[in-house]
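K.L.:
Fold the following and give me the result.
(3 chains)
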Amino acid sequence: MRKYWFIFSIYWQEGLQQRSSFFVDRFRSFVVLISFYYLWTALLKGRSSFAGYDHSQMITYILGMSILRGLVFASRTYEIAGEINHGRLSGYLLKPINFFVYTFFRDLSEKSINLVSAIIEVIILSCLFHLDIRWPQNPATWGWFLLAITGATALYFLLSFMVGCWGFWTAESGGPRFLFELFLEFSAGAFFPLDVLPKGLQHALQMLPSPYLVFFPLHVFLEKLSPAQLVNGFAAQLFWLGALGAMTYWIWQKGVRFYGAEGS
Amino acid sequence: MISPIIEIHSLSKTFRVPQKSPGLMGALKGLFSRRFREVQAVRDISFVVEEGELVGFLGPNGAGKTTTLKMLSGLLHPSSGEAKVLGFTPWKRERAFQKQFTMVMGQRSQLWWDLPAWDSFLLNKEIYEIPKAQFEETVKELADLLEINDLLEVPVKKLSLGQRMKAELACSLLHRPRVLFLDEPTIGLDVIMQKKVRDFILAYNKRWKATIILTSHNMDDVSELCSRVLLINHGRVLFEGSLPELQERFGHEKLTDSMRQAFMAMEEV
Amino acid sequence: MKYIRIWYRLALNSYGVQAASPLSSFGYLLGKLVRIAFFLIFLSAIFKHTSALAGYSLEEAALFFLTFNLVDILAQLFFRGIYGIRSMIREGDFDYFLIQPVNVLYRVSFNMVDFLDVVTVAPVLVITYYVLKHIPGGINAHRLILYLLLTLNGLIIAFAIHIIVASFAVLTQEMENTIWIYRDLMTLGRFPSDIYDAPMRGILTFIIPIAVMTSFPARAYLGKLGQGWIWHAFFVSIISIVLSLMFWKFATRRYTSVSS
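P.N.:
Reported below is the predicted structural model:
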C-alpha cells in the first residue's frame, strides 16, 4: 500500500514541478468559470429564475461545476493509450504493481492538486463578486453529496480507463479520445445544467452514465431531488459502476492478452 | 594565403540551469521561487579549420562539443568570443550562410516520421532553392553512395536506425554544403553501420572537398576519419593536433590506447 | 514564390501525416463539429427560456458565437504549427529550422496545416450565412464588408498572440500549455461582450483584445459599433503585430536549445 502513496506523492511533485503548466491549467478552468458566471448573471438579469434555478442556485451550480470538474475530470488516464502504444505498459506489467490501482493513485494525485486549486479559485471568485451560495439546508445532504461525488469520480475513472484501453487495438486514439471527452463534458452537465435542454434531449441523456458525473451530484447538493429521485440516482450510479466495472475488466483482460501476443 | 573556412576565437557559452530541491516541500517552494546554477559549457575555445579538413572533437558527454557546434551553426549565441564560418558570423543566421552548410544531429532527425524520406527531400529542395536538375543529380549520387535507392519511398518510421541515419545524411546534403557539422553521427548504430557511415563521410569529404567537423565519444570515428583532433572536456580544449601528435604525446603503439590515456588524463584535470 | 512552394510542400506533408492516421483525424474532425453543434444547441435551448441575451436575439447571439468560431478556426488553419512548437523544440526540429534558410516563424506556423480546419470552416460559413439572412434587415453589403474587414483584423491580432506565445515557448521551453491560455481566454469571446461588466469589458477591449477580435465584427454588422472603436480595432492589430515580431526576434536570439 505504501508504494501507491509514494506514487501519489511523486506525481504531486511532478505536477508542481511543471509549475508553469500547472498554473496555466488552473488559469484555464478559472477563465471558464468566469465566462459562465457572466453568462448566467446576464441571463438572470431582471428575472427571479431561469429554467427552475434562482440566482443563488445557478451560481452554486456553476461553482460546484468548476470544483467537480477538478475532482471528477482531472485525470491522467489519457496517458494510458500512449503507454500501451509505446510499449511502456510492459514495464508496469512486469513489476509487482497493479496497473489499475497504480493509475488510480496517479489520478488521485492529479485530482487532489486540481481540487485544492479549484476550491481556492471558487473562494476567490466568491469573495471578488460577493457571491451568494446556496448551502444545503439539511446536514445529511453533505453525506449524500460526498457519496455522489465518490461514485462520480469512480465512474469517470472507469470510463476513461476503458477508452484508454482503445490503445490496445490502435495507435490512433487521439481523435476518438477528444470526441469522447467533449461529449462527456457536455452530457455530464459540466458546461451548464442539463435541465436547460429540451425535455426530449434530457431524457435521452439520462440514459447515459454521464449525467451522474456532475449533474446528479450537484442536484444532490442543491437539494433539488425528492427522496425517490435521490434513491433512483444512486441506484443508477451503482448500476453504471457495476456495468462499467465489468466491461472495463473484460476489455482490460482482452487487451492485455492481445498486447502480450503482439509484443511491444 | 587562403583564409581558413572556420575560425573561432575565445568562444564561450554559459547556461543558467534551474535547480530543484527534492521532496514535496521542495516542489511547493519551487512554485514560487527559483534558484539557478551557472554552467560554463564552453570556455574560451579558439581554433582554426582549413578548407577540406576533417576535424574531430572528442570528449565525454557534457564536454561542450555539441555546444560549440551549435554556436558554429548559429543555433546559439555565444556568451562571448567570435567566430567566422565561410566568412560569416554564424549567429547572424544569414541566408547566404545557411545555404552553404549543414548540421546533422545524431539523435534528432529532420525527416518527417510518417512519410517517406522522399517527401522530406522535396521539402529541402524548396528550402535550399536547389534547381531541379542539380537536385536529381545529387539525389542519385547520394542514394547510390549510401545504397538507399529502394528506401526512399518507404515511410521513415518503418526504416531501421541505420537506414534512417543514411536517409538523414542524404537529406542534409542535398544542397551540396561546403561545411558539414556532424554531431554524433554514429550514435546508436551497430558496428557495421558505423563503418558504412564513416566510409560515406570520408568519400563525401574526398569527392566534394567539404570541410567537416565531427563530434563523437566513439574513438573509432575519430581515429578512422580525422586528420586533426581536438580533445575537449569541461568546455576547454585540452589537446589539439594531428593523430600522430596525439600518439606521441600520450605514448602507446595503438592510437586508440593513446586516446584512452588522453581521456583518463582529462578526467584528472 | 519560394515561400509558396515551401507552403505547398508543408501542406502536402501535413496532409500525408493526417492521412496516415485517418481514425484519429476523423475523431478530431467530429469533435470539432460536435463542439460547435453542442454550443448552438445550448444557445437555442437557452432561448426557449428567454427572448434575449444581453439585449440580443438568438440569431444575433449566434452571430457572435459564429464570428468567434470563424476567427478561431481561421487562426488555427494558418498558425497551426505554433501549437506544436514545444514539441518541435523538444524533439530538435526547431534547431533544424533555425539553421535553415527559411524564415523561422513561417516555417513553424505552417509546419502543420490542419486540413480538418478547412473542413470545419465550411459548415461555420454556411450557418453564418443562414444566421445573417435571419437577422432583421437582411444582408447589408456595406456592413458585411465592415464585418469581413474586422474579422480579418481579428485574425491579425490572433497571429500576434500566437507569435508572443511561440516566443515564450522558445525562451522558457517550459511553458507546456501557454497557447492554451490564449485558447481559453478566447472562449470568453464566445458570447457578446455585453454580458461582461464594465471592468471586464475594459480588459477584453484594451488589455487582452478578445472583444476586439470576436465581438467587434458582429457588433459592427449589427450597427452597434462606433467609428472610434473601429479605429481602435485597427490600431490594436498594428501595435500587437509589431510588438510580437520584436519579441520573437528577441526570443530567437536568446534561444538555448535542448541539451543532447
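K.L.:
Where do the strands of the stretch 101-250 of chain B begin and end?
P.N.:
B:101-105, B:179-183, B:211-216, B:228-233, B:236-242 (DSSP state E, counting those that start in this stretch).
K.L.:
Give me the number of neighbouring residues for residue A:164.
P.N.:
26 (other C-beta atoms under 10 Å in any protein chain shown). All C-beta spots, glycine's among them, are computed from the backbone N, C-alpha and C.
K.L.:
Quick one: residues contacting the single nearest residue of chain C relative to chain A.
P.N.:
With C-beta to the nearest C-beta as the measure, residue C:27 is the residue of chain C nearest to chain A, at 2.3 Å. Listed by C-beta atoms under 8 Å, 6 or more residues apart in numbering or on different chains, the contact set of residue C:27 reads A:172, A:174, A:175, A:176, A:177, A:178, A:179.
K.L.:
between the residues you listed, which is nearest chain C?
P.N.:
residue A:175 (2.3 Å).
K.L.:
residues from the stretch 101-250 of chain A in reach of chain B?
P.N.:
Counting by C-beta under 8 Å from any C-beta of the partner chain, none of the residues of the stretch 101-250 of chain A come close to chain B.
K.L.:
could you dump the strands of the stretch 101-250 of chain B to TSV with mean neighbour count and distance to residue A:41?
P.N.:
Formatted as TSV, the strands of the stretch 101-250 of chain B follow (neighbours: other C-beta atoms under 10 Å in any protein chain shown; distance: least, C-beta to C-beta, whole Å):
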stretch	mean neighbour count	distance to residue A:41
strand B:101-105	25	54
strand B:179-183	24	58
strand B:211-216	26	62
strand B:228-233	23	65
strand B:236-242	16	65
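K.L.:
Compare the ones you listed and report which one is nearest to chain A.
P.N.:
When those are compared by C-beta to the nearest C-beta, strand B:101-105 sits nearest chain A, at 22.1 Å.
K.L.:
Any idea how far stretch A:226-233 is from the middle of the chain?
P.N.:
With C-alpha atoms, centre = their mean, to the nearest Å as the basis, stretch A:226-233 stands 21 Å off its chain's centre.
K.L.:
Would you tell me which helix is longest in chain B?
P.N.:
helix B:191-208 (DSSP state H).
K.L.:
Tell me which helix or strand the residue nearest to residue B:8 when sequence neighbours are not counted sits in.
P.N.:
By the measure of C-beta to C-beta, 6 or more residues apart in numbering or on different chains, the closest residue to residue B:8 outside its immediate chain neighbours is residue B:83, 4.2 Å from it. Per DSSP states H and E: residue B:83 is located in strand B:80-85.
K.L.:
How about the residues of the stretch 101-250 of chain C by chain B?
P.N.:
The stretch 101-250 of chain C comes close to chain B at residues C:101, C:102, as judged by C-beta under 8 Å from any C-beta.
K.L.:
Pick out the residue of the stretch 101-250 of chain C closest to chain B.
P.N.:
residue C:101 (3.9 Å).
K.L.:
Around residue 249, how many other residues sit close by?
P.N.:
Answering for chain A, as no chain was given. Residues lying near residue A:249 (other C-beta under 10 Å) number 14.
K.L.:
um, chain B though
P.N.:
Residue B:249: 14 neighbours (other C-beta under 10 Å).
K.L.:
Please tell me how far it sits from chain C.
P.N.:
29 Å (C-beta to the nearest C-beta, to the nearest Å).
K.L.:
Quick check: pLDDT value at the nearest residue to that residue once chain neighbours are set aside.
P.N.:
Spatially, and ignoring its direct neighbours in sequence, residue B:249 is nearest to residue B:239 (6.9 Å; C-beta to C-beta, 6+ apart). pLDDT for residue B:239: 85.
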